[in-house]
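Trainee: Got a predicted structure here, sequence first:
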Amino acid sequence: SLGILSTKEFGPRVSKVRGTDQHHGNTAAYSTFLYDAHILNGIGRCTERWVPMIEALTGQPNLHLLTALTWNQVISAQGLLRTRRAWCPACYAEWTTSQHIVYEPLLWALAAVSVCPRHGVRLVEVCPYCRQGAGALSGRWRAGYCSRCRRWLGSDRPRSESGGDDDRYRLWVAENIGALLARAASFVHPPQADAFRENLLACIDDLADGNHSALARAVYLHEGCFRRWLDRGVPEINSLMSVCFRLGFPVERFLTERLNAEGPHWGRAREIVRQSGLLGPRRPSQTEVQLALQRALCSTSPPALDDLALELGFKRAGALRRRDRIMCVQITKRRAKIRARMGSSPCLPSPLPPKQRIRKRLEAALAQESPPSVPAIAEQLGFKYVASL
C-alpha cells in the first residue's frame, strides 16, 4: 500500500536528505506525511527534496515535470495548491472505456482549477457514495477510487455547466493553466520573472498611460499588487489569471515571452483599459513624460515640478518622480542655480494655465459618463478656489 511504501521507503530517505539522525520515532513521524502530501505537487523545498529521491528509486528522470517546480521563480506558492483531492468523473469513465491508464493529472491539484478543460464539467471533491472528501493522498489511495469507501469514482453522466460568464472564466483558467503546465517540458532551464515584469511594466506605461490605478481598475485588482510584483515579487495564481483574462493575454506567453506592442492582443487590451480603467483625461505615456522632462531641463526657465505635473495631467509631482527620478532631481537643481543667480527674485515665473486649456479640461470632464467634481478639476489645474474656474 502507499502507506507502507511511504513509511518503509520514502520516509527514511527523506530523513537522510534533511540530515536528521535515524531513531525509532523518525519513521513513525514520516508515516503521517500523507496528510500534507498535497505540497509535493508544489514549488517549495519539500518538493525539491522528494523529486530527486523518487527519481533515484524509480530510475525515471524529469519527475519535476509532474510538479509545479518549473515555475517556482515565476509564480507564488501562496494559494497555488488545493489541500483536498479533486477529480473529473467523466475523465475516469473515458479512460476506463478506452483502456487508458487511470491517473490524477497535476491540473486537478491546483486550487485555481475548478473545471475539467476536456469535458467542461466541475471537478468533484466529495465521493457520491459515502459523501466524504479526502486528502490528496492516503495510505489506501488508489487512482480512480474513493480512499474511504473504495468505490469507483468515474461517471459518464457528469453534471454539465450552465455556460454563464463565471463558467466561461473557469474554463479559460483551466485551459490556460493546462497550457502553462504543458509548456514546462520545453524549457532547458526554469524560466525567470524578467519577461513577466517587462510585460507588466509595458502594460502600465502603454495601456494605462503609466497609471497603476487605471490598470488595477481594469483587471479588478489593488494597485499595490503591481508595485509588489515590480519590486521583485511574483504573482499569486488567481491574481495572475485575473490580469491575463481581463486583458486577453495567454498566461504562458505573458510569463515567458516579451509581448509585441503591435500584436492583436495588445490592441484589444489597450481598448479594454481605455474603456474600464482610465476614468479621467488621457495621461501621457512614459516616453511623453520623459520628453517633457527633457524639454523642461533644457529650458532657460524650467518650470516647477508641480506645475509640470499639472500640465501633463497629473495631480502631483510625485507622479513624475516615479517615472524618472534622476531627471526630476536635475530639474530641481537647475532651478535652484537659476534662483541663486537671480538673487532678489527668488521665485521663477509659474503662469496659470491659459483659458483655452481650462475650457478643454472642463469639456473633457463634461463628456465623461461620471465626471469629476469641479473642486477636483480646479485642484488638478492648480487653482486654489473653484471660483477661479
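Mentor: In hand now; what should we look at?
Trainee: Next up, the contacts around residue 152.
Mentor: Contacts for residue 152 (C-beta atoms under 8 Å, 6 or more residues apart in numbering) come out as 92, 144, 145. C-beta: built from backbone N, CA, C; applies to glycine.
Trainee: Give the burial count for residue 57, as a bare number.
Mentor: 12 (other C-beta atoms under 10 Å).
Trainee: Which residue is the nearest non-sequential neighbour of it?
Mentor: residue 9 (6.8 Å; C-beta to C-beta, 6 or more residues apart in numbering).
Trainee: That neighbour in helix, strand or coil?
Mentor: helix (DSSP: H, G, I helix; E, B strand; the rest coil).
Trainee: what's the burial count for it?
Mentor: Neighbours around residue 9, by other C-beta under 10 Å: 13.
Trainee: Per-residue pLDDT of it, please?
Mentor: On pLDDT, residue 9 comes in at 86.
Trainee: re earlier: could the contacts of residue 152 go into JSON lines alongside neighbour count, secondary structure and pLDDT?
Mentor: Shown next, in JSON lines, are the contacts of residue 152 (neighbours: other C-beta atoms under 10 Å; DSSP: H, G, I helix; E, B strand; the rest coil; pLDDT from 0 to 100):
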{"residue": "92", "neighbour count": "24", "secondary structure": "helix", "pLDDT": "96"}
{"residue": "144", "neighbour count": "17", "secondary structure": "coil", "pLDDT": "94"}
{"residue": "145", "neighbour count": "17", "secondary structure": "strand", "pLDDT": "95"}
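Trainee: Please enumerate the helices of the stretch 1-150 of the chain.
Mentor: 2-5, 11-18, 24-30, 45-58, 89-97 (DSSP state H, counting those that start in this stretch).
Trainee: so of the ones you listed, which one's packed in deepest?
Mentor: helix 89-97 (a mean of 18; mean count of other C-beta atoms under 10 Å).
Trainee: chain center to the helix or strand following that one: distance?
Mentor: For helix 89-97, the following helix or strand on the C-terminal side (DSSP states H and E) is helix 165-183. From the chain centre to the centre of helix 165-183 is a distance of 14 Å (C-alpha atoms, centre = their mean, to the nearest Å).
Trainee: same for helix 165-183, what does it pack against?
Mentor: The helices and strands touching helix 165-183, judged by 3 or more C-beta pairs under 8 Å, 6 or more residues apart in numbering; DSSP states H and E, are helix 237-247, helix 251-256.
Trainee: same thing but at 6 Å, please
Mentor: The contact analysis (3 or more C-beta pairs under 6 Å, 6 or more residues apart in numbering; DSSP states H and E) places helix 165-183 against helix 251-256.
Trainee: Export the contacts of residue 152 to a markdown table and append columns for distance to residue 300.
Mentor: Shown next, in a markdown table, are the contacts of residue 152 (distance: C-beta to C-beta, whole Å):
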| residue | distance to residue 300 |
| --- | --- |
| 92 | 77 |
| 144 | 79 |
| 145 | 82 |
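Trainee: lowest-pLDDT helix or strand in the chain?
Mentor: Lowest by mean pLDDT, DSSP states H and E among the helices and strands of the chain is helix 24-30, with a mean of 45.
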